[in-house]
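Trainee: Here is the input, now give the coordinates:
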Amino acid sequence: MEQAHDTIMNPLHYSGKSLGLCAVLFCALPLAAQNPDGTTLYQQKCVKCHSDPAEKRAPTPAAMRMMSAERILRSLESGVMMPQGLQLTPAERRTLAEYLSGKPLDQVAPKPKRKKRPLKKPAEPATSSKN
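Mentor: Just a heads-up that it's a prediction; the model follows:
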């Protein structure tokens, strides 16, 4: 009975397990900090221009919802947004593209609906009269 009592009261027995748990949590924290969610990235990096009604060159979040994630990613990597995209990690660019489009990177954006035009009546062939 005394041996079991020594194990329970021995702080070193538990500190090893606690130390291991703390080490795992400590290592996981930087990983979570490296990949912020889309909302956080947008608020930190994009909102100043893309949510400013006076800014006419930057598409609004609603306009970007109509784009594919691939188009947004392409803009951040090699298009007009490349200078801003270079300030982000590849994972952050992907996260932003998916967040802004509302679609995963492998899904195509829906095509905008076009107004239907009324069908024109086909022209009737000209008739010639022979007498």
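
Trainee: how far away is residue 70 from residue 49?
Mentor: 21 Å (C-beta to C-beta, to the nearest Å). Heads up, the C-betas are built off the backbone N, CA and C, glycines and all.

Trainee: okay, now residue 79: neighbour count?
Mentor: 12 (other C-beta atoms under 10 Å).

Trainee: scratch that, residue 65
Mentor: Using other C-beta under 10 Å: residue 65 sits among 14 other residues.

Trainee: right, and it touches residue 100 too?
Mentor: Yes - the criterion here is C-beta atoms under 8 Å, and residue 65 meets it with residue 100 at 7.4 Å.

Trainee: mind checking the backbone torsions on residue 66?
Mentor: Backbone torsions of residue 66, given as degrees, to the nearest 10, read phi -80, psi -10.

Trainee: how near is it to residue 82?
Mentor: Applying C-beta to C-beta, the value for residue 66 to residue 82 is 21 Å.

Trainee: and what of residue 75?
Mentor: Counting by C-beta to C-beta, the gap from residue 75 to residue 82 is 8 Å.

Trainee: and if you look at residue 101?
Mentor: For residue 101, the distance to residue 82 - C-beta to C-beta - is 18 Å.

Trainee: Quick one: name whatever helix or strand follows the helix or strand hosting residue 40.
Mentor: Residue 40 belongs to helix 38-41 when elements are defined using DSSP states H and E. Once the chain leaves helix 38-41, the next helix or strand it forms, by DSSP H and E, is helix 47-50.
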